Structure formats: structure tokens, C-alpha cells
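Q: Sequence first, then the predicted structure:
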Amino acid sequence: MRKHYIDNLRWMVILLLIPYHAAMAWNTWGEPNYIIFEGNRLLSSLIVFFSPFIMPLLFILAGISTKYALIKRSYGEYVIERVKRLIVPLLSGVILIMPVMTFIADRYNCGYDGSFISHYGTFFTKFTDLTGADGGFSLGQFWFLLYLFVISLLALGLIAVQRKAVPRDNVVFPLWYVILLGLPLSFLHELLSIGGKSLVEFTYLFIIGFYVLSSDAIIEKLRQRRRIFLIIGLVSSLVNIILFIWTDIDKLKSLNTFANFAAEWFMILALLGYGKSTFDMADEKTSYLSYISFPFFSLHYIWLVLFQYLTAKFSDNTAVLFIIPVIASFIMTFVSCFILLKIPPVRFLLGAKAKRK
């Protein structure tokens, strides 16, 4: 039986990426971005609220999905599916989408006045901080696809060895054990971390998704206690925001770190619980949103960068610069998904499956 709450949580998280990435233009901690405006604490607070759990939840969901995928697929079939769904859109995104985004960034941030054709070659030869904010090479949002592919292969090797040594991997853990699984996150975050994205942390989350959170019994326990997890997650998020954005007290850095990872883990547990209780269903709309989720992920950022660049030409009002690009990006990303996914070769390049009847 298909777990619809997994699909629904995935597309919900991916939709959140548009306002999340839009707000990055106002971050107050100096992180490079394709479009940079003057720092804004309110919009930075939005980023800090979502950042602890928004991408970690996607790796958790990927681990859970892998558990069910390996029920009906061989290891070889799983690898082929990962190549089609992750490597193909990764390569097409880096070749076709990222040069446009970094071209716009170079024009806005660095005053580049050359042609796109000239800049296209620069993109593949200019290696600086890998953010793309200065027009140099960047994976952009496609780092997620690369990480997920590498982690999927690493996890598959571990799963194959485990199943050979200990065939049973359906173990139900007590809830307190699941809660304690969040403790290592703060220690793992800096391991093999590139630009704040830890390969070790995300691998850990993927494995937890596969072995622990794929259990219906555990998800049911999370559903029953979803409200208390949400309260803890929201309180931790509030403390994290206050300490990171609104105060400058070095003595509280340890508390800030604890609040950040408490927010990450308890929000993940709460969202899984609410996903099971509220979103474990499918209709025509949710099925379509699930179908376009990965293409939406690939396409959303190029529209956002373009509309932020164009809006900045006629307004310097923060509300206008945030709201108009967000709304326009939602519209054009949905429109482009609707059109492009009707073209089989483009659908393949975007990593989308053939639409289920």
C-alpha cells in the first residue's frame, strides 16, 4: 500500500523552497546569493525557522521511500531508477539552468555586461566559492540531487551487507529511542560539510528513515504525540531565531546550537506525525503535485532569480521585492512544469516519471 503522506510531505516541502530561497536575498549573516539586498532580520527569521528541518526532512522521506522501493525493485533496478531520477536532472540542470542563474547573478552582483553566450563558457571555467553569486560554477539547488544519489548508493551497500548478515530489518524501537536519535545531529553537522551541507548528517538521516521511521508502528506513535512534538519544535525554533538573528551574545552559542538541532529533530517528528494524521490521502490535485515535485524543484529557482532581478529594476521596497517574485515564480514554475512535462525528452531530462493513469 502506497504511503501517500510521504509524497504529500515531499511536495509541500518543495513548494516552501520558493519563499525560503526568496528570503535568502536578505540574509543577515553575509551568505552569498544570486541576488543580494540589504539584510532584513524579519525575512532572515523566516529562513532560520525553516532551515533546520526543510532539507533534512527530504532525506528522511527519501530513506523511508527507499524501504518501500526495495520491496518491489532489485538493487540494480533501484540504481537505474536513481540515475534517471537524480543524475539525469542533475546534469541537465547544471548544463542548462545554472548558467542562466549565475549569468543573472553576475550582472546584478558584479556588473557583468557581456553576453550570455560569452558567460556560458565562464561558468564552466570560473571556480571560486561554488555559490554562483559571482557568476562562477555552482551546482545551485542541484547539490541535493548529487547528495541524494551518493547517499542512496552508500545506503544501498550498507543495506545489502546488513541483509546478508542479518536478514531481518523490520525492528520497532520504543519512542524514547527515536527521540534520542536526534542527539547526534549536532555532532554530525560539521562532518564532510560543504557549504554547511553535511554528507554525514544527511546520510545518517537517510538511514534513520530507512530503518526506523519506515515503521508503521513508529509513525503511529508520532501521530499520537504530534502536538507535543510540534510545541517543542516551535519553541526550539523560536529560541533558535531569537539567539541567532536578534541577539549577539557569544555566551549563548551553545544554547543556540542545541535549539537549532532540537528544532530540526522535533519538527521532523511532528511533521511526520501530522503527515500521517492529515495528509495520508491522494486525490487528483495531490497526485499531480507529487508527480511534478522533482521538476518543480529543478525549475523554481531560475524563475525566482529572474523575477527578483527584474523586480529590483523598478522597486526597492522590501515587500514588493519579496511578494511579486514569489507569486510570479509559483505561477511560472507551475506553468513551465505543465508545458514541459508534456514533452517526453524534456520530461526525461527533468527526471519525471511517466504520469500514472
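A: Yep, that arrived.
Q: What about this structure, which residue is the most distant from its middle?
A: What lies farthest from the middle of the chain is residue 165; by C-alpha atoms, centre = their mean that is 33.4 Å.
Q: Please report how far that residue lies from residue 63.
A: According to C-beta to C-beta, to the nearest Å, residue 165 stands 20 Å off from residue 63. All C-beta atoms are positioned from the backbone trio N, CA, C, and that covers glycine.
Q: Equivalent analysis for residue 236, please.
A: For residue 236, the distance to residue 63 - C-beta to C-beta - is 23 Å.
Q: Look at residue 191 and give its secondary structure.
A: coil (DSSP: H, G, I helix; E, B strand; the rest coil).
Q: Kindly apply the preceding question to residue 52 instead.
A: Per three-state DSSP, residue 52 ends up coil.
Q: Would you mind listing the residues in contact with it?
A: Applying C-beta atoms under 8 Å, 6 or more residues apart in numbering to residue 52 gives the contacts 237, 240, 260-261, 263-264, 267.
Q: switch the cut-off to 7 Å
A: Contacts of residue 52 were listed using C-beta atoms under 7 Å, 6 or more residues apart in numbering, and they are 240, 260, 263-264, 267.
Q: do the same with residue 35
A: By C-beta under 7 Å, 6+ apart, the contact set of residue 35 is 25, 105, 108, 305, 308-309, 312.
Q: For the protein, spot the helix or strand the model is least confident about on average.
A: Every helix and strand of the chain was ranked by mean pLDDT, DSSP states H and E. The lowest is strand 193-194, at a mean of 80.
Q: For that one, enumerate the helices and strands it packs against.
A: Here strand 193-194 touches no other helix or strand, going by 3 or more C-beta pairs under 7 Å, 6 or more residues apart in numbering; DSSP states H and E.
Q: That strand pairs with which strands?
A: If you go by DSSP bridges, strand 193-194 pairs up with strand 197-198 (antiparallel).
Q: domain parsing for the chain?
A: 1-51+282-337, 66-214, 218-279 (automatic domain parsing).
Q: got those domains as JSON lines, with distance to residue 344 columns?
A: Converted to JSON lines, these look like this (distance: least, C-beta to C-beta, whole Å):
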{"stretch": "domain 1-51+282-337", "distance to residue 344": "13"}
{"stretch": "domain 66-214", "distance to residue 344": "13"}
{"stretch": "domain 218-279", "distance to residue 344": "30"}
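Q: Nearest to residue 347, out of those domains?
A: Of all these, domain 1-51+282-337 sits nearest to residue 347, with 7.9 Å by C-beta to C-beta.
Q: Wait, a helix at residue 133?
A: No: Residue 133 sits outside any helix when classified using three-state DSSP, being coil.
Q: my read: it touches residue 31, true?
A: No: judged on C-beta atoms under 7 Å, residue 133 makes no contact with residue 31 at a distance of 8.9 Å.
Q: So which of these two has more stuff around it?
A: residue 133 (22 against 14; other C-beta atoms under 10 Å).
Q: Quick one: residues contacting residue 275.
A: Per C-beta under 7 Å, 6+ apart, neighbours of residue 275: 5, 8-9.
Q: pLDDT below threshold where in the stretch 201-350 of the chain?
A: By pLDDT under 70, the stretch 201-350 of the chain contains no weakly predicted segment.
Q: Look up how far residue 154 lies from residue 58.
A: If you go by C-beta to C-beta, the gap between residue 58 and residue 154 works out to 17 Å.
Q: Could you give the number of residues near residue 29?
A: Residues near residue 29, counting by other C-beta under 10 Å, number 10.
Q: just residue 297 next, same as before
A: 25.
Q: what kind of secondary structure is it in?
A: helix.
Q: could we number from 47 for the rest of this?
A: New numbering, starting at 47: the last item is residue 343.
Q: Contacts only, for it.
A: Residues counted as contacts of residue 343 (C-beta under 7 Å, 6+ apart) are 60, 63, 187.
Q: one more time with 10 Å, if that's ok
A: 56-57, 59-61, 63, 104, 135, 139, 187-188, 190-191, 379, 396-397 (C-beta atoms under 10 Å, 6 or more residues apart in numbering).
Q: Helices - which of these land there?
A: Using DSSP state H, the members of those that fall in helices are 56-57, 59-61, 63, 104, 135, 190-191, 379.
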